[in-house]
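[1] kindly return the folded structure for what I paste below:
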Amino acid sequence: MKHEKLTTKENLLPFILITALFFLWGMAHGMLDVLNKHFQDVLQISKARSGLIQFSVYFAYFSMAVPAGLFMKRFGYKYGIIMGLLLFALGAYLIIPASLTQSFWFFLTGLFILGCGLTTLETAANPYTTRLGPNETAERRINFSQSFNGLAWIVGPIIGGLFILGNDGGETGNKLHSLITPYVVIGTIVLIIALIYVRTPLPEIKEEEAEPAGGDPGNPVVTAKPLIQQRHFVLAVFAQFCYVAAQTGIFSFFVNYMTDPALQPHFEKTTASFMLGIGGFGLFMIGRVSGSYLMTFFKPARLLSLYAAACIILLPIVSSSFGWVSIVSLFLIFFFMSIMFPTIFALGIKDLGPSTKKASSFIVMAIVGGAIFPMLMGRIADVYSMSAGFFLPIPLFAFILYFALKGHKLAA
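    Predicted coordinates:
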């Protein structure tokens, strides 16, 4: 393959600023994945009900993606990013009254608003990143930016383990008090970054000026079709739904799996949260960085197919509870999931020209898979076992494998 530059000199600063956003929402999601076990313990709720935590955030993706896309079509990427940051901060600050009142439902409301902010940021940043450089390196560029998202997934569970897990209120009796400090800090940082964006000029890419990401700018055949007739785009929406559903279920119940007494060895929940951050998400980040590099030698779709096949092979091993063999297999799944979201995204918006912003909104909407699947996986864990729940993502990765082998190809 021809080696093109990742970005251009004039786009370097915007590329750095946009990449910083990937870190922000990765940290928010990373913290989210330790909350399931915390709420199960301090509020005595089932695994299925704790899945409402993910439901609140990921349902926001379904609700907010299209409005965010319409907002950016009217006002541009920069103002979309600022709006996303403000919603992110508001949701984080709402965790304060939710914690003081010890209200699970109030907490879910704050997470929903925070999720609306994350949705807006993803709707803007993912397609914007693909445009900040040569079309030929769009998939590499979004994978590189998403690698900082992977770095933040390491930080999130560590923060959760230090400030949240193991703290049930002590003498105060407030079981959710430990949530206040980390979310106040996050909300404040996000507000400061919003102010930086207000004062920083960003190049605006107009839809009518936009060239197809990673495609052939001289090919009017594909861009002329309505989105519903773009087979590669429609299948990308379903593939993204499957990926986020599988990812969210695996991430959300990692701590439950590692602390399950039926697993030998098993661990304390604080230890498991550190293993999630350093081990699981460490491999996730390594996978994204190395994946971006490997795409200079291999076609992104080919790499995606190999990684999806690896997950299909490893999940039955995780579910069979073979001790350390199963634990190592679970960590490897983190590595092989790493490139899936950005690669599916980039392949799905290829050659869509003026429809790119709208298409991005629908692909972000597909993240609603993360709202539904954790509750289903939690229900299986409640009825059978946590290990049995890890059989469920297999057909989801099978569809991603199909998309990588055939579904991503542009119709003539």
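[2] number of residues surrounding residue 406?
    By the criterion of other C-beta atoms under 10 Å, residue 406 has 12 neighbours. Placement of C-beta: from N, CA and C, glycine included.
[3] same question for residue 163.
    As a burial measure, the neighbour count of residue 163 was computed by other C-beta under 10 Å and equals 18.
[4] how much space between it and residue 179?
    Relative to residue 179, residue 163 is positioned 8 Å away (criterion: C-beta to C-beta, to the nearest Å).
[5] contact partners for residue 64?
    Contacts for residue 64 were tallied using C-beta atoms under 8 Å, 6 or more residues apart in numbering; they are 115-116, 119-120.
[6] quick one: the helices in the stretch 251-400 of the chain, in order.
    Secondary structure of the stretch 251-400 of the chain, counting by DSSP state H, counting those that start in this stretch: helices at 254-259, 269-274, 281-294, 300-319, 324-337, 340-348, 356-365, 369-383, 386-389, 394-402.
[7] buried sites along the shortest one?
    Translated: helix 386-389. Of the residues in helix 386-389, those buried under the neighbour-count criterion (16 or more other C-beta atoms under 10 Å) are 386-387, 389.
[8] one more: the third one?
    Taking 16+ other C-beta under 10 Å as the neighbour-count basis, helix 281-294 is seen to contain the buried residues 281-289, 291-292, 294.
[9] can you pull out the helices in the stretch 101-250 of the chain?
    Counting by DSSP H, counting those that start in this stretch, the stretch 101-250 of the chain has these helices, from start to end: 104-131, 138-163, 180-199, 220-223, 231-252.
[10] mean pLDDT for these: which is lowest?
    Per-segment mean pLDDT for those reaches its minimum on helix 220-223, at a mean of 50.
[11] as JSON lines, the buried residues of helix 281-294 with distance to residue 306 and pLDDT would be great.
    As requested, those are exported to JSON lines (distance: C-beta to C-beta, whole Å; pLDDT from 0 to 100):
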{"residue": "281", "distance to residue 306": "21", "pLDDT": "84"}
{"residue": "282", "distance to residue 306": "21", "pLDDT": "88"}
{"residue": "283", "distance to residue 306": "16", "pLDDT": "92"}
{"residue": "284", "distance to residue 306": "17", "pLDDT": "89"}
{"residue": "285", "distance to residue 306": "19", "pLDDT": "85"}
{"residue": "286", "distance to residue 306": "16", "pLDDT": "91"}
{"residue": "287", "distance to residue 306": "12", "pLDDT": "91"}
{"residue": "288", "distance to residue 306": "15", "pLDDT": "84"}
{"residue": "289", "distance to residue 306": "17", "pLDDT": "84"}
{"residue": "291", "distance to residue 306": "11", "pLDDT": "89"}
{"residue": "292", "distance to residue 306": "15", "pLDDT": "81"}
{"residue": "294", "distance to residue 306": "10", "pLDDT": "90"}
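[12] let's have those in TSV, adding distance to residue 99.
    Below are the buried residues of helix 281-294 laid out as TSV (distance: C-beta to C-beta, whole Å):
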residue	distance to residue 99
281	25
282	29
283	32
284	29
285	30
286	34
287	34
288	33
289	36
291	38
292	38
294	43
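[13] what's the most distant pair in these?
    Spatial extent of the buried residues of helix 281-294 (C-beta to C-beta) is set by the pair 281 and 294 at 19.5 Å.
[14] buried deepest among the helices of the stretch 251-400 of the chain, which one?
    Between the helices of the stretch 251-400 of the chain, helix 340-348 has the highest mean count of neighbours, a mean of 28, where neighbours are mean count of other C-beta atoms under 10 Å.
[15] returning to that earlier point: and which of the contacts of residue 64 is nearest residue 84?
    Scanning these for proximity to residue 84, where the rule is C-beta to C-beta, the winner is residue 120, at 3.2 Å.
[16] once you drop chain neighbours, what's closest to the closest one?
    Ranked by C-beta to C-beta, 6 or more residues apart in numbering and with sequence neighbours excluded, the top spatial neighbour of residue 120 is residue 84, at 3.2 Å.
[17] confidence score at that neighbour?
    The model's pLDDT for residue 84 equals 92.
[18] same question for the one 4 residues further on.
    The confidence metric pLDDT takes the value 93 at residue 88.
[19] thought it was touching residue 117?
    Yes. Counting by C-beta atoms under 8 Å, residue 88 does reach residue 117; the two are 3.2 Å apart.
[20] show me which of those two is the more surrounded one.
    Here residue 88 and residue 117 are set side by side on neighbour count (other C-beta under 10 Å), and the busier one is residue 88, at 30 against 27.
[21] residue contacts, that one?
    Neighbour list for residue 88: 24-25, 28, 114, 117-118, 121, 187, 190 [criterion: C-beta under 8 Å, 6+ apart].
[22] ok, residue 187 next?
    Each residue near residue 187 by C-beta under 8 Å, 6+ apart is listed here: 88-90, 92-93.
[23] likewise residue 342?
    For residue 342, the contacting residues are 126, 139, 142-143, 145-146, 288, taking C-beta under 8 Å, 6+ apart as the criterion.
[24] export the residues you listed as a markdown table, with columns for distance to residue 14.
    Conversion of those to a markdown table gives the following (distance: C-beta to C-beta, whole Å):
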| residue | distance to residue 14 |
| --- | --- |
| 126 | 14 |
| 139 | 19 |
| 142 | 14 |
| 143 | 18 |
| 145 | 11 |
| 146 | 17 |
| 288 | 20 |
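[25] show me which pair in those residues is furthest apart.
    126 and 288 (13.8 Å).
[26] about what we covered before: for residue 48, which of the helices of the stretch 251-400 of the chain is the nearest?
    From the helices of the stretch 251-400 of the chain, taking C-beta to C-beta, the stretch that ends up closest is helix 369-383, at 4.1 Å.
[27] tell me the helices and strands packed up against that closest one.
    Here helix 369-383 is seen to pack against helix 47-50, helix 52-75, helix 231-252, helix 386-389 when contacts are counted using 3 or more C-beta pairs under 8 Å, 6 or more residues apart in numbering; DSSP states H and E.
[28] out of those helices, deepest packed?
    The densest packing among the helices and strands packed on helix 369-383, expressed as mean neighbour count by mean count of other C-beta under 10 Å, is seen in helix 231-252 with a mean of 24.
[29] keeping just the C-alphas, turn that helix into CSV.
    Output of helix 231-252 as CSV, limited to C-alpha atoms (Å, rounded to 0.1, in the frame of the first residue of the first chain):
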residue,chain,number,x,y,z
ARG,A,231,-25.6,-0.7,1.1
HIS,A,232,-22.2,-0.3,2.8
PHE,A,233,-23.6,2.5,5.0
VAL,A,234,-26.7,0.6,6.0
LEU,A,235,-24.7,-2.5,6.9
ALA,A,236,-22.2,-0.3,8.8
VAL,A,237,-25.1,1.0,11.0
PHE,A,238,-26.0,-2.6,11.9
ALA,A,239,-22.3,-3.6,12.4
GLN,A,240,-21.8,-0.6,14.7
PHE,A,241,-24.9,-1.6,16.7
CYS,A,242,-23.5,-5.1,17.1
TYR,A,243,-20.0,-3.9,18.0
VAL,A,244,-21.1,-1.4,20.7
ALA,A,245,-23.6,-3.9,22.1
ALA,A,246,-20.8,-6.5,22.4
GLN,A,247,-18.2,-4.0,23.7
THR,A,248,-20.5,-2.5,26.3
GLY,A,249,-21.5,-5.9,27.7
ILE,A,250,-18.0,-7.2,27.9
PHE,A,251,-16.7,-3.9,29.5
SER,A,252,-19.6,-3.6,31.9
